[in-house]
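Asker: any chance you can model this:
(one chain, ligands or ions: 1)
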Amino acid sequence: MNIRENIPIKDLTTMRLGGPARFVIAIEHAEECTEAFGFVKEKGLPFYFLGAGANSLGLDTGFDGALILNQIKGIEILQESENVLIVKAGGGEIWDDFVQFVVSKNFSGVEAMAKIPGTVGAAPVQNIGAYGQEAKDTLESVEVYDSLLDEYKEIMAKDCDFAYRHSIFNSGKDKGRYFILSATFKFTEHQLKQPFYNSLQAYLDEHHIADYSPKSVYDAVAEIRKNKLPDPAKEASAGSFFKNIILDEPPKNKDIPYRETKDGKFKVNTGWLLENAGLKGKTFHGFKVSDKAALILINESGETYEDLQRAVTEIQKIIKDKYGLALEPEPVKIEAD
Ligand code: EPU
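Answerer: Numbers count the residues shown, from 1 in each chain. Down below sits the predicted model:
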């Protein structure tokens, strides 16, 4: 366990915003949780869990508490046969390293989530997804440290209340309670199920790719993302900044494209709304709506969270006025609950 004091949150998050965190505690081994949470509780501090900082936003006032960094590594095969692969990965593993491992075993289930920034431990929290795959589809269980009861336990996927970008880890009464030590996934397929997500199929057709093996789909998605999404080393962003909008009924404005989801809801492409409102490439208070993928806000010269808040409010108002729909940010503020 490594404890540092007064660390700028800006340096720990990909959007590169935020004042100092009073303590930053890095956890490399699950057993260190007892000591780490003992320290935090003794001081009566609030805490916030951080992986790669790809979906968290630091406030200008910083965080008067402890950021608990998940640096638990390791990828372990629990079961492997021709038809089944069960893999357990440490919460601090880089998500894409885990995806590449599964792809190298020629199993399908996470290859369409190639190159999503972040860690394995963050994947179940917001049930990450791309091109028709979601973490919940192959996740079996997670091992956690329960910070309320100070005990280690296992939670099965069916008890995580997964939905679009939603789980017990980011919503409801248990939000922020469980520190994810490892996640176990079970794979039984060797090829992504058709029909594929439209934009993925369009890319494969356009490039005359008829090989739908995990490796081939992984490479295609990696290429799409490379062309579309900012490279975190060069441009600061938090991935998709706005969530797609989930409605109970189809949008009233007939121009707005949407997809019916498996659970009978209607998903509106927020990227389309932003693009058709003419916002691509426009900069608000130092934050640019990416000209390649409208859901992404790039921090070009924004200095403060307040700048970001102003930008978001203006963008939300434009979309509300034009389409009557409310945009919701996907990244989470680093603050006490
Ligand atoms: N679209 C536009 N303009 C844009 C972007 C999108 O018109 O600039 C429209 C198009 O109609 C396009 C449709 O939106 O066909 C869907 O776009 P895309 O497939 O690019 O995906 P997305 O809805 O913009 C979501 C996820 C991404 C994920 C992709 C692919 C959210 C918030 N974002 O974006 O996840 O990679 O689907 O499945 O759900 C992330 O979370 O960081 C992320 C990148």
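
Asker: using the record's domain definitions, break this structure down for me.
Answerer: What automatic domain parsing lists as the domains of the chain is 2-70, 75-187, 229-333.

Asker: now these in JSON lines, with mean pLDDT, mean neighbour count and distance to the ligand?
Answerer: Yep, even glycine has a C-beta here, placed from its N, CA and C like the rest. As requested, these are exported to JSON lines (pLDDT from 0 to 100; neighbours: other C-beta atoms under 10 Å; distance: least, C-beta to the nearest ligand atom, whole Å):
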{"stretch": "domain 2-70", "mean pLDDT": "97", "mean neighbour count": "19", "distance to the ligand": "7"}
{"stretch": "domain 75-187", "mean pLDDT": "97", "mean neighbour count": "19", "distance to the ligand": "3"}
{"stretch": "domain 229-333", "mean pLDDT": "95", "mean neighbour count": "17", "distance to the ligand": "2"}
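
Asker: of the ones you listed, which approaches P214 most closely?
Answerer: Each of the domains of the chain was checked against P214 via C-beta to C-beta, and the shortest separation belongs to domain 75-187, namely 4.3 Å.

Asker: endpoints of the closest one, how far apart?
Answerer: Across domain 75-187, the terminal residues are separated by 15 Å (C-alpha to C-alpha, to the nearest Å).

Asker: how far does that domain sit from the chain's center?
Answerer: Here domain 75-187 is found 11 Å from its chain centre; the criterion is C-alpha atoms, centre = their mean, to the nearest Å.

Asker: in the sheet, who's paired with L85?
Answerer: On the basis of DSSP bridges, L85 takes part in beta bridges with E80, F187.

Asker: surely it and F187 touch.
Answerer: Yes: L85 lies in contact with F187 (C-beta atoms under 8 Å); the separation is 4.4 Å.

Asker: any shared contact partners between the two?
Answerer: 102, 105, 107 (C-beta atoms under 8 Å, 6 or more residues apart in numbering).

Asker: now do the helices in the stretch 101-250 of the chain.
Answerer: 135-138, 198-206, 214-228 (DSSP state H, counting those that start in this stretch).

Asker: winner for burial among these?
Answerer: Per residue and on average, the most neighbours among the helices of the stretch 101-250 of the chain fall to helix 135-138, with a mean of 22 (mean count of other C-beta atoms under 10 Å).

Asker: using PDB, write down the CA coordinates of that helix.
Answerer: As requested, the backbone C-alpha atoms of helix 135-138 are provided in PDB (Å, rounded to 0.1, in the frame of the first residue of the first chain):
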ATOM      1  CA  ALA A 135     -19.500  -6.200 -20.000                       C
ATOM      2  CA  LYS A 136     -22.600  -7.700 -18.400                       C
ATOM      3  CA  ASP A 137     -23.000 -10.200 -21.300                       C
ATOM      4  CA  THR A 138     -20.000 -12.300 -20.300                       C
END
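
Asker: identify the residues contacting that helix?
Answerer: Outside of helix 135-138, the residues that reach it under the criterion C-beta under 8 Å, 6+ apart are 109-110, 113, 123-124, 127-129, 157, 160, 162, 167, 185-187.

Asker: ok, K153 touching D146?
Answerer: Yes: A contact is recorded between K153 and D146 when judged using C-beta under 8 Å, the distance being 5.7 Å.

Asker: returning to that earlier point: nearest approach to V217 belongs to which of the domains of the chain?
Answerer: Taking C-beta to C-beta as the measure, these were each checked against V217, and domain 75-187 came out nearest at 4.7 Å.

Asker: what sits against the residue lying closest to A30 once chain neighbours are set aside?
Answerer: Sequence neighbours aside, L181 is the residue nearest to A30 in space, at 4.4 Å (criterion: C-beta to C-beta, 6 or more residues apart in numbering). Contacts here follow C-beta under 8 Å, 6+ apart; on that basis L181 touches 30, 33, 72, 90-91, 121, 142-145, 152.

Asker: mind doing that once more with 6 Å?
Answerer: Applying C-beta atoms under 6 Å, 6 or more residues apart in numbering, we find L181 in contact with 30, 72, 91, 143.

Asker: among the residues you listed, which two are most distant?
Answerer: Spatially, the most separated pair among those is I72 and E143, at 9.7 Å (C-beta to C-beta).

Asker: ok, back up a step: dump the shared contacts of L85 and F187 into JSON lines; add distance to A202 as well.
Answerer: Written out in JSON lines, the entries for the shared contacts of L85 and F187 read as follows (distance: C-beta to C-beta, whole Å):
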{"residue": "V102", "distance to A202": "25"}
{"residue": "K105", "distance to A202": "28"}
{"residue": "F107", "distance to A202": "25"}
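
Asker: closest to V40 among these?
Answerer: Looking at these and their distance to V40, the nearest is V102, at 33.9 Å (C-beta to C-beta).

Asker: the closest one contacts A112, doesn't it?
Answerer: No: contact criterion C-beta atoms under 6 Å: V102 and A112 do not qualify, at 11.6 Å.

Asker: from what I see, V221 and M113 are in contact.
Answerer: No: taking C-beta under 6 Å as the contact criterion, V221 and M113 are not neighbours in contact, 7.7 Å apart.
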